[in-house]
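Undergrad: Generate a structure from the sequence data that follows.
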Amino acid sequence: MSKKVLVIGGSGRIGGSAANDILTHTSAQVTITGRSSQPPVNIKQSSNRTFQSIDLANESAIEGAIAAHDLIIHCAGPFRSRNHHVLTSCIAQGKPYIDVADSPDYVNQALKYREEAKAAGVTAIISTGIFPGISGSMVRQGVEALDKAEGVHLSYLVAGSGGAGVTVMRTTFIELQTPFMSKINGRWKAIEPYSQREVLEFPRYGKGGVYWFNTVEALTVADTFPQLKTIVTKFGSVPDYYNRMTWLMARLPKAILNNKSLIESVSQISYKMTQVTDPKTGVGIAMRMKIDGEKNGKAASYLATFDHEDTAFCAGCGTGAIAELILSGQLSKPGVWPVEQALSTELFEKTLAQRQLCVTASLH
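TA: Numbering: from 1, shown residues only. From the prediction side, this is the model:
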């Protein structure tokens, strides 16, 4: 019989993209959930794709849905405001779990359930998608290409909305609220969000401005590769005037940034703006990763890039690939793990190629 996959928040852009990838690359039956009583117009039900109305706040309904499926994928962000009920329910019921968590606060707490998941024999892979997700695997790929890795600089450039919907806007503005910690020259240092603009060369978009941003990789890459003394994570938008607007938002008093209704209003306005500019800029992504270290006893730098015309599609590929590997039995690692700690470079490259995606890398 076909395995049954539950995609919580599957009616959103990222969840829908993940569901599409699973339907393309596996024979699983997929249940997509959303809060509306009827499936959204963009969701086409079929023999292997159905819609179920569930409110994430209805914990008993969530537990019942988990019990009826073989793999659970949590795509209902923004994750900074979520509890860990879905994860703990999967552990309690012995069901494998995947999420697309992009909040370091959420991830830090999720990792604390590692031993509980191990004891239950449950494989839980967190922060799948594009960044975090594919980005973490790119770091692993680069570290393994060097004899010694000392520092990594991760930068992301996203055009317009990235095709990901208003949730991404909410996440961006929420992460502007507080300073975050990153590893600099072997020490953890507090960083002001959206500071220290840097202009770098990217595929697809050419030169682009990026700023310090609180990403999951600053946490998980440091844990995965403790030999790295410096981890820089920066983010920027296309067109560049969105960067200027976000920079101004980050400079507002914290009391204003912590106002939930204001954040929601700004998120909705920003999303409407991208709906106007997306047809001109597209909704693509470009990622750039540079690792400094040594190769054959000499100083060396590993530079890798990734780009695609559709950010949300790539996020679905990153999540769907993990789902495919778990469903097929190729990935089994009880515990709670970020992608770069669970997925081998061999499997990463294999699933990327299956989806006609590629990382371009060079060693200097």
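
Undergrad: only C-alpha atoms for contact and neighbour calcs from this point on.
TA: Fine.

Undergrad: What segments of the stretch 201-350 of the chain are helices?
TA: Using DSSP state H, counting those that start in this stretch, the helices of the stretch 201-350 of the chain run over 216-224, 241-250, 254-257, 260-281, 311-327, 339-342, 345-354.

Undergrad: so which of those helices comes closest to residue 287?
TA: Closest to residue 287 of those is helix 311-327 (Cα to Cα; 10.6 Å).

Undergrad: what's the spacing between that closest one and its chain's center?
TA: Remark: helix 311-327 is offset 10 Å from the chain centroid, using Cα atoms, centre = their mean, to the nearest Å.

Undergrad: In CSV, list the C-alpha atoms belonging to that helix.
TA: Taking C-alpha atoms only, helix 311-327 is exported to CSV below (Å, rounded to 0.1, in the frame of the first residue of the first chain):
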residue,chain,number,x,y,z
THR,A,311,12.4,30.2,-4.6
ALA,A,312,9.3,28.4,-3.4
PHE,A,313,9.8,25.6,-5.9
CYS,A,314,13.4,25.0,-4.6
ALA,A,315,12.1,25.0,-1.0
GLY,A,316,9.6,22.3,-2.0
CYS,A,317,12.5,20.3,-3.6
GLY,A,318,14.6,20.5,-0.4
THR,A,319,11.7,19.3,1.7
GLY,A,320,10.4,16.7,-0.8
ALA,A,321,13.8,15.2,-1.2
ILE,A,322,14.1,14.5,2.5
ALA,A,323,10.5,13.0,2.5
GLU,A,324,11.4,10.8,-0.5
LEU,A,325,14.5,9.5,1.3
ILE,A,326,12.6,8.7,4.5
LEU,A,327,9.7,7.0,2.7
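
Undergrad: how does the chain divide into domains?
TA: 4-129+312-356, 131-311 (automatic domain parsing).

Undergrad: now the longest one: mean pLDDT?
TA: Along domain 131-311, the predicted confidence averages to a pLDDT of 94.

Undergrad: ok, back up a step: let's have the domains of the chain in JSON lines, adding mean neighbour count and distance to residue 362.
TA: Compiled in JSON lines, the domains of the chain are given as follows (neighbours: other Cα atoms under 10 Å; distance: least, Cα to Cα, whole Å):
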{"stretch": "domain 4-129+312-356", "mean neighbour count": "20", "distance to residue 362": "16"}
{"stretch": "domain 131-311", "mean neighbour count": "19", "distance to residue 362": "5"}
